[in-house]
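K.L.:
compute the structure for the input listed below.
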Amino acid sequence: MATITIVDPVTRIEGHMKVQVTIDTVDNVQQVTDAQCSGTQFRGFELILQGRDPLDAPYLTERICGVCPVSHGMASTKALESAAGLTIPTDARILRNLVLGSNFIASHILHFYLLASLDYVAPPPSAPWTSCWNVDMRDPTSLSQIAVNFVTAVTMRREAQEMAAIFGGRMPSPPAFQAGGFTTKPTSSMISAFTSYLNNLITFINNNYIPDVQLLQSIYPDYSSIGKGPGNLLSYGVFDLDDTGSPDKLLDRGYIFDSMPGNVQPVSIDNIKEHVTYSWYDDSTNNQNPANGSTVIVDPSTKTNAYSWLKAPRYHGKPMECGPLARMWINGDYSNGISVMDRHMARALEALKIGNAMNQWLGELSTGGNVFSTFNTPYDASGAGLTEAPRGALGHWVSTTVDGSSPVSGPAIDNYQVLTPTCWNASPKDSRGNRGPMERALIGTAVSDPEQPIEVLRVIHSFDPCLSCAVHVMRPEGKPVVVVNAGVRP
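P.N.:
Sure thing, here's the model as predicted:
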């Protein structure tokens, strides 16, 4: 007989998320037969930005998330520069890459050691780790190596943040990202300090992070076949390598359907549509491209079939997984699989790839060089800024108009739309009833104990969801709970 298990909120992620799974016995295996991933906050930044000076956008959108603010700063400035047809100086491009790369490394280390590994490694028998579930934790002696690295990982993550602040000005929400370029001119002492941090981080990634993921994979080999999503992978590409209008990138732009290595296709953002059939938005906004999208909320109590503040983006009508696994597949750097462990391994290998590239970019910087091109905000223009956040494909879309309400008329934001990685990964069902990637990945996952569904959390955490980015209305009362309704069929 089926049971419904609700985990609300899912902990060890950024933001607030509720997951409901239906667990039933299929072929003598107790497993997930249905799943709903719910974003339980409304973001609203799109509405906040309407009517504001376009130059406010990078600073405000960096506040969408404290873990990946750099990506929002990058996407927002790219959107404004796209609208203006502006190319930034070489040193500004490199400095942006270095700060963004620092943020990627900090986020990847944070995710594995502090958010995900505790699904597999028994915590110390003391606060704040207790009390904890009594679940499948294998080979604690071998895995103690990962536990030993917890404290070092915290230090490494802090150093990555400090590294980003050298050029970015501070972390989180570095103020150096500005339409037209960058506000920091590198000095030799800055480059030297950045290099020292980076070398420490590369050593940690090589000697600790990658071996720890390999160890985890060897002890939990079944998770190399658990948690497979739809197999459709998407990357906007990231880390521009030249100053042309269509630059080469360290990690390429493209998409793959059905996990087909080598069959990478070019991305056209015109093929992106956002569905709201199962989201708390007005149905008149269904199936819109973000370039002309709108944010029209409804009272959740009036739309009974909906269950999330996330929209459901689709590419060519298909749900797409994005993130390190997608980027490394599309770039040709990884094609072992699309499982839980593959996500962890691709993330670790990507951290090393980015770190090594950053070393090269440091050598390309010129001290005291030009880092800014004059930016004149365009009237009646539109632009798109596509980049990657640590968790995957991130796009900002902006259109401007003339603001005649102030004494001195000027350009103002007419419409702004943000499509984040977790909107792709944790999206609800679309208009055709197709589940999002995370929901798909949960289907078929065997669950030993519906009251302690650790297997469900392992799948969820492998995506490293960031609901802070994806959504922002929350319940102030209550405690984290797992609710099991025995004998209830959906």
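K.L.:
can we go C-alpha only for contacts and neighbour counts from here?
P.N.:
Fine.
K.L.:
ranges for the helices of the stretch 151-300 of the chain?
P.N.:
Secondary structure of the stretch 151-300 of the chain by DSSP state H, counting those that start in this stretch: the helices cover 188-204, 210-219.
K.L.:
show me what the shortest one is packed up against.
P.N.:
What that stands for is helix 210-219. On a contact count with 3 or more CA pairs under 8 Å, 6 or more residues apart in numbering; DSSP states H and E, helix 210-219 meets helix 140-168, helix 340-364.
K.L.:
can you list the buried residues in the last one?
P.N.:
Along helix 340-364, these residues count as buried under the neighbour rule (16 or more other CA atoms under 10 Å): 340-355, 358-359, 361-362.
K.L.:
tell me the strands beside whichever helix or strand comes after that helix, with direction?
P.N.:
Using DSSP states H and E, the next helix or strand after helix 340-364 towards the C-terminus is strand 382-389. Here strand 382-389 is paired, per DSSP bridges, with strand 392-403 (antiparallel).
K.L.:
between the helices and strands packed on helix 210-219, which one is closest to Leu251.
P.N.:
helix 340-364 (9.2 Å; CA to CA).
K.L.:
mind listing residues that contact that closest one?
P.N.:
Residues outside helix 340-364 that contact it (CA atoms under 8 Å, 6 or more residues apart in numbering): 94, 97-98, 101, 104-105, 108, 112, 191, 195, 198, 201-202, 205-206, 209-210, 213-214, 217, 223-228, 324-325, 328, 334, 336, 458-459, 462-463.
K.L.:
one step back: export the helices of the stretch 151-300 of the chain to JSON lines and tack on distance to Tyr315?
P.N.:
Below are the helices of the stretch 151-300 of the chain laid out as JSON lines (distance: least, CA to CA, whole Å):
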{"stretch": "helix 188-204", "distance to Tyr315": "35"}
{"stretch": "helix 210-219", "distance to Tyr315": "31"}
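K.L.:
out of those helices, deepest packed?
P.N.:
helix 210-219 (a mean of 18; mean count of other CA atoms under 10 Å).
K.L.:
give me the angle between it and helix 340-364.
P.N.:
On the basis of axes from the mean of the first three to the mean of the last three CA atoms, to 10 degrees, helix 210-219 is oriented at 170 degrees to helix 340-364.
K.L.:
just give me how far helix 210-219 sits from the chain centre.
P.N.:
23 Å (CA atoms, centre = their mean, to the nearest Å).
K.L.:
can you name the residues in contact with it?
P.N.:
Helix 210-219 is contacted from outside by 120, 138-139, 143, 145-146, 223-224, 341, 344-345, 348-349, using CA under 8 Å, 6+ apart.
K.L.:
of these, closest to Pro266?
P.N.:
Distance ranking of the contacts of helix 210-219 against Pro266, using CA to CA, places Leu349 first at 23.8 Å.
K.L.:
neighbours of Tyr281, just the number please.
P.N.:
24 (other CA atoms under 10 Å).
K.L.:
state the distance from it to Pro437.
P.N.:
From Tyr281 across to Pro437, the span is 21 Å (CA to CA, to the nearest Å).
K.L.:
need the residues that contact stretch 376-383.
P.N.:
54-55, 79-84, 397-402, 410-412.
K.L.:
selecting buried members of those residues in ChimeraX, what would you type?
P.N.:
Buried subset of the contacts of stretch 376-383, written as a ChimeraX selection, criterion 16+ other CA under 10 Å:
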select :54,55,79,80,81,82,83,84,397,398,399,400,401,410,411,412
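K.L.:
so which strand or helix has Arg440?
P.N.:
helix 437-442.
K.L.:
and that helix, what does it pack onto?
P.N.:
Against helix 437-442 (3+ CA pairs under 8 Å, 6+ apart) you get strand 29-39, helix 421-425, helix 454-462.
K.L.:
residues contacting the first one, please?
P.N.:
In other words, strand 29-39. Contacts to strand 29-39, defined as CA under 8 Å, 6+ apart, come from residues 16-25, 307-310, 426-428, 438-440, 442-448, 467, 470-471.
K.L.:
give me the element the nearest residue to Tyr334 once chain neighbours are set aside is part of.
P.N.:
Leaving aside its chain neighbours, Tyr334 sits nearest to Met328 (5.2 Å; criterion: CA to CA, 6 or more residues apart in numbering). Taking DSSP H and E as the criterion, Met328 maps to helix 324-331.
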